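Trainee: A structural model of the following input is requested.
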Amino acid sequence: MVATCDGGLTQVGKALCSILSAANLLVPVAAAATVCSDADLIVKNGHIITMDSERRMVATMAVRDGRILALGANDEDLARCASSRTQVLDLHGKTILPGLIDIHTHAFQWTKNIVMGFIDAGYPNMKSIRQVVDAVHERAAKTNPGDWVIGVNWDDDKLEEHRYINRHDLDPVSPETPVLLVHESGHFLVANSVALKLGGFEKDTPNSPSGVIERDPSGELTGIVKENAMFAFMKFFLNPSPEVSEAAAKLASEKAAEVGLTTIHDIEPLDALRGYQDALAKGNLRIRVQFAPIISSVAEAEKLSAMAVHTGFGNEYLKFGAVKMLADGGMGARTIAIYPPGVTGEPDNIGVLNWKPEEMLQAQTIMAKAGWQLETHAIGNRAIDETLDSYAAVMQKLGLKDPRFRIVHCGISTPAIQKRLKELHVLVDGNPPFVYWIGSWFLKYGPERVRWSYPAKSYIENGIIEGAGSDVFVTPINPWWGIWSAVVRREMQSGQILAPEERITVEQALTLYTRNGAYVGFEEHEKGSLESGKFADFIVIDRDVLRIPVEELKDVQVLRTYVAGKLVYEKPADPRPEKNSHD
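Mentor: Below you'll find the predicted structure:
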């Protein structure tokens, strides 16, 4: 159904609708062509992995008006589709895949940090606390009085010291400048003493039910502030300018196209939508985006519901996806909500729950009734159970048949939880690259929980649909890290294979990023495989991923990315010989 600005919209909804319409976001989807003639583009002499239900391999493909007209086993099959204006792309045996789909990113936040010039304290850019402190010292010396120094992406497990940065590290190099360094997980930060004072944090400041203020054994603040307690600093920061937002959206789409992503789901505060709209209006949005707004209270749910727009509103390039909530914290912050015993070395720490059960149910009922798909961040098994309880009640109360509610991460997914996922047909926003990049965080929760952390094979065996996401900036946006990690399951720090029982095949890993990603976003009829009538979103890569050694998967290079049959990225020429084209 095509959205319109007619009937039933509030004044806020009508205003938003007008903005989207002005940005050409209400263009109806064109019907698939039925006659193969006058193609815009014919791709020939390729090794085309269609990822369709029959897993066909073909050699040629015709495209018109942004959609696939036909596919053929050999070049002669589609000769009738050409006209004098048809562009022909000879692949000389190279491999084509459907455009990949990342269903869980914070891409705008990631690129906004780049555009705004925040300190990148992440690995491998910085490998020790000393390097981070030196970077803070250098930035503080250049910072105007009253301005803040902001850094992102540090991970204690990847620093040589293998500990949290604290205020005592930062204070000597920033005695008068407030400093915040956000952890790679996004679930906590470290603040220096100046920033703590400005944020209202003192020795006797109490923890909230969903926020943690860390103290040392003597009761003094360490500078570590976790979860909702971080909100105390938000009042010091203005929203980025429209120019910064547009630049961030443009850069996010460019970075995605470079690694073969033609669709991302981006989870952001609602005001980030401005950047994507402006980028689209100026022709700078190269890929397709499902925009997922975040809510953190019943009041915010009511406000979003009152806009009278919901999942699916927009067009084929920019539309609203699911609405996201957070049930618990993060593994890196040791704040995921688990059943006893607690974190290794912290037997009483069973994490935090961000919602009272009755308020979660109220907010989710409001959103689902308004037409929103629900996705809820839940990593610990206690948080997953709370979320599934709420989902079951919402589905029953509203009589929903195919809501495709989602658990984001679903980190500790035990057999009991998987049984519930299957029964409720709740989908999983999985994170295959986590096993490699942050698998060391799993180890803090004991071997039994490691066994069921971010499974994959058991989901397939139990009929649970999992899509895949990078959670960028937590892991790189490059999906080839995730595809490789899903097959290998090796953890970076120790080299351990985590839960080898959960390793899957290359083809199954590709499915997470293609067919399953499309299904999670209600787009299985438009993308996720190369078939007649679907969007001509595809990528050309430098090797046959079904034949190469597994270790090469993480090294796959995207040569070209096409969206709607149009070239949106081409890898610069490399004088070195290409690897392993399909023979």
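
Trainee: need the contact list for residue 56.
Mentor: Residues in contact with residue 56 (Cβ atoms under 8 Å, 6 or more residues apart in numbering) are 50, 71. For every residue, glycine as well, the C-beta is placed using N, CA and C.

Trainee: please report phi then psi for it.
Mentor: With angles defined as degrees, to the nearest 10, residue 56 sits at phi -70, psi 150.

Trainee: got it, and residue 94?
Mentor: Dihedral pair for residue 94: phi -70, psi 160, per degrees, to the nearest 10.

Trainee: just the strands in the stretch 401-550 of the chain please.
Mentor: 406-409, 427-430, 466-468, 538-541 (DSSP state E, counting those that start in this stretch).

Trainee: would you list these in a markdown table and tack on distance to residue 261, mean pLDDT and mean neighbour count?
Mentor: Shown next, in a markdown table, are the strands of the stretch 401-550 of the chain (distance: least, Cβ to Cβ, whole Å; pLDDT from 0 to 100; neighbours: other Cβ atoms under 10 Å):
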| stretch | distance to residue 261 | mean pLDDT | mean neighbour count |
| --- | --- | --- | --- |
| strand 406-409 | 18 | 98 | 29 |
| strand 427-430 | 15 | 98 | 27 |
| strand 466-468 | 11 | 98 | 28 |
| strand 538-541 | 9 | 98 | 24 |
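
Trainee: dump those strands to a markdown table, plus distance to residue 65.
Mentor: What follows is the strands of the stretch 401-550 of the chain, written out as a markdown table (distance: least, Cβ to Cβ, whole Å):
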| stretch | distance to residue 65 |
| --- | --- |
| strand 406-409 | 32 |
| strand 427-430 | 31 |
| strand 466-468 | 28 |
| strand 538-541 | 15 |
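
Trainee: so which of those strands is nearest residue 61?
Mentor: Among these, the nearest to residue 61 by Cβ to Cβ is strand 538-541 (7.7 Å).

Trainee: who does that closest one pair up with?
Mentor: strand 95-98 (antiparallel), strand 558-563 (antiparallel) (DSSP bridges).

Trainee: please parse this protein into its domains.
Mentor: 31-99+528-583, 117-236, 242-527 (automatic domain parsing).

Trainee: of those, which is nearest residue 111?
Mentor: Taking the domains of the chain one by one with Cβ to Cβ, domain 242-527 is closest: 4.2 Å.

Trainee: what's the end-to-end length of that closest one?
Mentor: End-to-end distance of domain 242-527: 31 Å, with Cα to Cα, to the nearest Å as the criterion.

Trainee: return the distance of that domain from the chain's centre.
Mentor: Taking the mean of its C-alpha atoms, domain 242-527 sits 7 Å from the chain's own mean (Cα atoms, centre = their mean, to the nearest Å).

Trainee: residue 562 is nearest to which of the strands of the stretch 401-550 of the chain?
Mentor: So among the strands of the stretch 401-550 of the chain, strand 538-541 is nearest, using Cβ to Cβ, at 5.2 Å.

Trainee: which residues make contact with that closest one from outside it?
Mentor: 46, 61, 91, 94-100, 260, 262, 530, 556-562.

Trainee: surely residue 81 touches residue 41?
Mentor: No: in this structure residue 81 lies outside contact range of residue 41 using Cβ atoms under 8 Å: 9.8 Å.

Trainee: look at those two and report which has more neighbours.
Mentor: More crowded of residue 81 and residue 41, by other Cβ atoms under 10 Å: residue 81, with 24 against 21.

Trainee: among the strands paired with strand 538-541, which comes closest to residue 150?
Mentor: strand 558-563 (31.4 Å).

Trainee: now the following helix or strand past that closest one: buried residues?
Mentor: Per DSSP states H and E, the first helix or strand lying C-terminal to strand 558-563 is strand 566-570. For strand 566-570, burial by neighbour count (16 or more other Cβ atoms under 10 Å) applies to 568-569.

Trainee: what does stretch 510-528 rub up against?
Mentor: Counting by Cβ under 8 Å, 6+ apart, residues outside stretch 510-528 touching it are 29, 49, 51, 97-103, 262-263, 265, 288, 290, 311-312, 316, 321, 373, 404, 406, 427, 429-430, 432, 456, 465-468, 479, 482-483, 486, 529, 534-535, 537, 545.

Trainee: how long is it from one end to the other?
Mentor: One end of stretch 510-528 sits 10 Å from the other (Cα to Cα).

Trainee: can you name the farthest residue from the center of this structure?
Mentor: Centroid-distance maximum for the chain: residue 84 at 42.0 Å, with Cα atoms, centre = their mean.

Trainee: what's near enough to touch that one?
Mentor: Here residue 84 is in contact with no residue (Cβ under 8 Å, 6+ apart).

Trainee: which neighbours do residue 81 and residue 41 share?
Mentor: With contacts defined as Cβ under 8 Å, 6+ apart, the residues adjacent to both residue 81 and residue 41 are residue 62.

Trainee: so residue 256 makes contact with residue 102?
Mentor: Yes: using Cβ under 8 Å, residue 256 is in contact with residue 102, at 7.3 Å.

Trainee: helix, strand or coil for residue 238?
Mentor: coil (DSSP: H, G, I helix; E, B strand; the rest coil).

Trainee: out of the strands of the stretch 401-550 of the chain, the one nearest residue 280 is which?
Mentor: Of these, nearest to residue 280 by Cβ to Cβ is strand 538-541, at 21.1 Å.

Trainee: re earlier: going through the contacts of stretch 510-528, which ones are buried?
Mentor: Using 16+ other Cβ under 10 Å as the burial test, the contacts of stretch 510-528 include 49, 51, 97-103, 262-263, 265, 288, 290, 311-312, 316, 321, 373, 404, 406, 427, 429-430, 432, 456, 465-468, 479, 482-483, 486, 529, 534-535, 537, 545 as buried.

Trainee: and the helices in the stretch 251-400 of the chain?
Mentor: Ranges of helices in the stretch 251-400 of the chain, per DSSP state H, counting those that start in this stretch, are 273-281, 298-305, 357-369, 381-398.

Trainee: and those helices, which is most packed in?
Mentor: When you average the neighbours per residue for each of the helices of the stretch 251-400 of the chain (mean count of other Cβ atoms under 10 Å), helix 273-281 leads with a mean of 23.

Trainee: mind giving me the packing neighbours of that helix?
Mentor: helix 11-22, helix 107-115, helix 242-258, strand 288-293, strand 318-320 (3 or more Cβ pairs under 8 Å, 6 or more residues apart in numbering; DSSP states H and E).

Trainee: in CSV, list those along with mean pLDDT.
Mentor: Putting those into CSV (pLDDT from 0 to 100) gives the following:
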stretch, mean pLDDT
helix 11-22, 42
helix 107-115, 97
helix 242-258, 98
strand 288-293, 98
strand 318-320, 98
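
Trainee: shouldn't residue 305 be in contact with residue 364?
Mentor: No: if you go by Cβ under 8 Å, residue 305 and residue 364 don't touch, sitting 11.2 Å apart.

Trainee: buried ones in stretch 50-61?
Mentor: 50-52, 58-61.

Trainee: possible to save those as TSV with pLDDT and secondary structure?
Mentor: Converted to TSV, those look like this (pLDDT from 0 to 100; DSSP: H, G, I helix; E, B strand; the rest coil):
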residue	pLDDT	secondary structure
50	98	coil
51	98	coil
52	97	coil
58	97	strand
59	97	coil
60	97	strand
61	98	strand
